[in-house]
Structures are given as structure tokens and as C-alpha cells.
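Participant: Have a look; sequence and predicted model below, questions after that.
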Amino acid sequence: FKEADPKGEAFVARKAQAVLEGKAGIVAGSLRRKATMCHLDAKSRQKVDECARYLQNKSPYLDYPKALASGWPIATGVIEGACAHLVKDRFDVTGARWSVKGAEAILKLRAVRANGDWPEYFEFHLTQEH
């Protein structure tokens, strides 16, 4: 499909729905089969194969029906990005050692700052201190 083709968007939506239904392995196979049936050359099908490989390799972790039935949260790119911004950027440095209490305090401060709530928090902090 060409970029922004409504048929392509519908195709992707169907595949995404199947992944959410716990069929990641089936989707991986169908993507490879579709690329073969369309006679895509190696360069043209590179992203398809990459996506299929990801789905196949991660399929044990993509059991969304089980996760939802168990009440487990489903991470999104937004959540993963926030975790990388708040946690990894600060804590993933060579030689750093953190206590749970110290790490939690730093994470709370970074979240307050990232959310733009620093002025209100600091005013509250000063009030509590005095």
C-alpha cells in the first residue's frame, strides 16, 4: 500500500486487532506470506520481515487477552517513553547505586518537574518546611 492509503490503514488496523486478540504469531506469518505473494524484493520487504520477526520473538509477551483478563496494565509507547525519560535517563549511569527510598524521591521530583508542576510543588514544600 502507498503511504496514507485508507486500504493500508484498514489492513494495519486488522492486524493490530489480531495482535490484541493474542494472535501475534499468526499475524507474523500472514505478513511474511503477504510480502511473498506480492513478490516484494529483499529491500522492499525488509520492514515487513523486521515486524514479523519482532512479533514472533515477542509473542510470549504479547498475550493481551491473558494480561487484560488478569487486570495487568498494558504499556504503550507513551508509557515506555515516560519511563525512559524519568527513569533510564537518570538511573542508568555507570557506577550509580541507589537505595529504593532515594530512587523513589528522585523519581517523584523528576515527575513533578516533567509535568510542569514544579512552581506549585516548591511553594508547597517551602510552606511545609516553615
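Facilitator: Thanks, I have it.
Participant: ok, now which ones touch residue 89?
Facilitator: Applying CB atoms under 8 Å, 6 or more residues apart in numbering to residue 89 gives no contacts. (Glycine included, C-beta is placed from N, CA and C.)
Participant: What spatial separation is found between it and residue 110?
Facilitator: For residue 89, the distance to residue 110 (CB to CB, to the nearest Å) stands at 9 Å.
Participant: Tell me the pLDDT of the residue minimising distance to the centre of the chain.
Facilitator: Geometric centre of the chain, nearest residue: residue 77, 3.3 Å, by CA atoms, centre = their mean. pLDDT recorded at residue 77 is 73.
Participant: which secondary structure element contains residue 48?
Facilitator: Residue 48 belongs to helix 46-58 when assigned by DSSP states H and E.
Participant: What are the contacting residues of that helix?
Facilitator: By CB under 8 Å, 6+ apart, helix 46-58 touches 19, 24-25, 27-29, 31-32, 34-35, 40, 62.
Participant: The following helix or strand past it: how far from the chain's middle?
Facilitator: Once helix 46-58 ends, the next helix or strand along the chain (criterion: DSSP H and E) is helix 64-69. Here helix 64-69 shows a centroid-to-chain-centroid distance of 16 Å under the convention CA atoms, centre = their mean, to the nearest Å.
Participant: list the buried ones in helix 64-69?
Facilitator: In terms of neighbour count (16 or more other CB atoms under 10 Å), helix 64-69 has its buried residues at residue 64.
Participant: Could I have the CA atoms of it written out in PDB?
Facilitator: The C-alpha trace of helix 64-69 is given here as PDB (Å, rounded to 0.1, in the frame of the first residue of the first chain):
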ATOM      1  CA  TYR A  64      -3.000  -9.400  25.600                       C
ATOM      2  CA  PRO A  65      -6.200 -11.400  26.400                       C
ATOM      3  CA  LYS A  66      -4.400 -13.000  29.400                       C
ATOM      4  CA  ALA A  67      -3.000  -9.700  30.500                       C
ATOM      5  CA  LEU A  68      -6.300  -7.900  30.300                       C
ATOM      6  CA  ALA A  69      -8.200 -10.800  32.000                       C
END
